[in-house]
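Asks: the sequence and its predicted three-dimensional model are supplied below.
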Amino acid sequence: MKIHKLRLKNFRGFEEKNFNFHPHFNVIIGVNGTGKTAILEGLCVAVGSFFLGNDYAENRHIQNDDIRIVNYEDDMQEQFPVQIECWGKVQGEHLSWQRELSGPHNKTTFIKARNIKELSKNVQQKVRDGENIELPIIVYYATERLWKERLDSGKINLPSRFRGYYNGLRPTSSLKFFLKWFKEKEMAAIQHKKDYVALKVVRKAVTLCIADCTNIYYELNPDKEQTLMMELKGGKVLPFRLLSDGVRNMLAMVADIAFRCALLNPKLGENTITKTSGVVLIDELDLHLHPSWQKQAVHNLKRTFPQIQFITTTHSPFVIQELEEGELIKLDSEEETIGQYVDQSLEDIAENVQGVENPQWSHKRRQMYEAAKQYYQTLQKMKGDTSVDEVRILRAKLDELSKPFADNLAYYAFLEQERLFKEAELGTISDSYATLK
């Protein structure tokens, strides 16, 4: 499965907007409130249409929170119809399909999504008949992925291969689901004295994506803490709970993707993570990650899961810096072209792509610069024929501009010195200053 194009109408903050996607990796950027997460939620409805023909997976409908609201002078009105239209390649077929919510008391339609529903039904039947058909991975990792756990995540009972779709489009975490499976596989491996391919696949994915990680395993010794453990270079071993939020988040996500690939396509063996295709949506790819890890995230996901289409969001220039041409989508710009980002410095990306003015400067330094510029402009307004009232106003403005930086003695003294020079230069208004004093 690959998504080529998405159209959103009256969906959250979008009146109507089209988005085109790169077949392998996509990063959506924009200031807060421009709709990055909304695109991912819209994609959940779109790709979730594949589950309409599946008896075990949960598809995503258009919800009340997805309806665009227009604020009039004394009123707020919901806008209909809400439409999500998608173009893509599913199981080798080029399809377009649409979901719609036509009114506040109606349900999300699937009349114009019958093609993908029927295709999904056929796929399900082939799996039931034992055919070795590839199933695409479809999963969404929301910003709550590390903390918000689904309550029944340890109690599921689905036919084996379709377990790979469990909780795939919900914003909640499936960590307990994965840990339960991993623990049971480890126990079975010990009992049968064999290392299951699925365990190898998960370990391989994690070691490719997590720097310095050499192995993960589930500690089964009753005299020790029974939990997921990570082995690091140098022999250090840490339980999952002691890892940093960033490492835990990346480990859990990568392991979950690999685990789902192994469930969906077990007959691919050790090649399951390199041959399974599908769509993975990630909100805030850089969530809790150290900058050095942010720089590696895109490359690591690409090389570990080369057939999967990733559609992600970020605020990190480190992530943007690692992208190839055509992989960046910028929301807060009316321009057709995006500033150059391939092989550019972080400062150039922050300024030319993300719109951060003078990114080399701290916020305080920027304030100091602006204050000094206004200070000089105010001084220039003092002329020989300046009246007493005008002098009073200008002097008050100078005091206001310099006051926030009184703790910076050198800077404050510099501004005051400039004022004294100006006063000495304008001897004709010295009497006016004397009067003000």
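Replies: Cool, got the structure. What you see is a predicted model; the values in this text were computed from it and never measured.
Asks: next, work out how far apart residue 260 and residue 164 are.
Replies: Look at residue 260 and residue 164: by C-beta to C-beta, to the nearest Å, they are 4 Å apart. C-beta coordinates here come from the backbone N, C-alpha and C atoms, glycine included.
Asks: so for the two, which residues contact both of them?
Replies: Common contacts of residue 260 and residue 164 (C-beta atoms under 8 Å, 6 or more residues apart in numbering): residue 137.
Asks: so how far is residue 322 from residue 301?
Replies: When distance is defined by C-beta to C-beta, residue 301 is 10 Å away from residue 322.
Asks: kindly report the same for residue 268.
Replies: Counting by C-beta to C-beta - residue 268 and residue 322 are separated by 28 Å.
Asks: give me the number of residues near residue 392?
Replies: When neighbours are defined as other C-beta atoms under 10 Å, residue 392 has 14 of them.
Asks: cool, and residue 184?
Replies: Look at residue 184: counted by other C-beta under 10 Å, it has 11 neighbours.
Asks: again with the one 10 residues further on
Replies: By the measure other C-beta under 10 Å, the count of residues near residue 194 is 10.
Asks: now it: phi and psi?
Replies: When quoted as degrees, to the nearest 10, the phi and psi of residue 194 stand at phi -150, psi 150.
Asks: quick one, what contacts it?
Replies: Neighbour list for residue 194: empty [criterion: C-beta under 8 Å, 6+ apart].
Asks: what pLDDT is listed against it?
Replies: On pLDDT, residue 194 comes in at 90.
Asks: residue 119 now?
Replies: 98.
Asks: ok, it touching residue 90?
Replies: Yes: with contact defined as C-beta atoms under 8 Å, residue 119 reaches residue 90; the gap is 6.1 Å.
Asks: what do those two both touch?
Replies: residue 50.
Asks: contacts only, for residue 178.
Replies: Residue 178 makes contact with 252, 255-256, 259 under the criterion C-beta under 8 Å, 6+ apart.
Asks: strands of the stretch 151-300 of the chain, start to end?
Replies: 213-218, 228-232, 237-239, 278-282 (DSSP state E, counting those that start in this stretch).
Asks: what residues does the third one touch?
Replies: Contacts made with strand 237-239 from outside it, assessed by C-beta under 8 Å, 6+ apart, are listed as 219, 225, 227-232.
Asks: average model confidence for it?
Replies: Here the average pLDDT along strand 237-239 is 96.
Asks: what are the pairing partners of it, and which direction each?
Replies: With DSSP bridges as the test, strand 237-239 is paired with strand 228-232 (antiparallel).
Asks: ok, residue 201 - contacts?
Replies: By C-beta under 8 Å, 6+ apart, the contact list for residue 201 reads 258, 261-262, 270, 272-273.
Asks: give the closest residue to it in space, chain neighbours not counted.
Replies: Closest residue to residue 201 apart from its sequence neighbours, by C-beta to C-beta, 6 or more residues apart in numbering: residue 262 at 5.0 Å.
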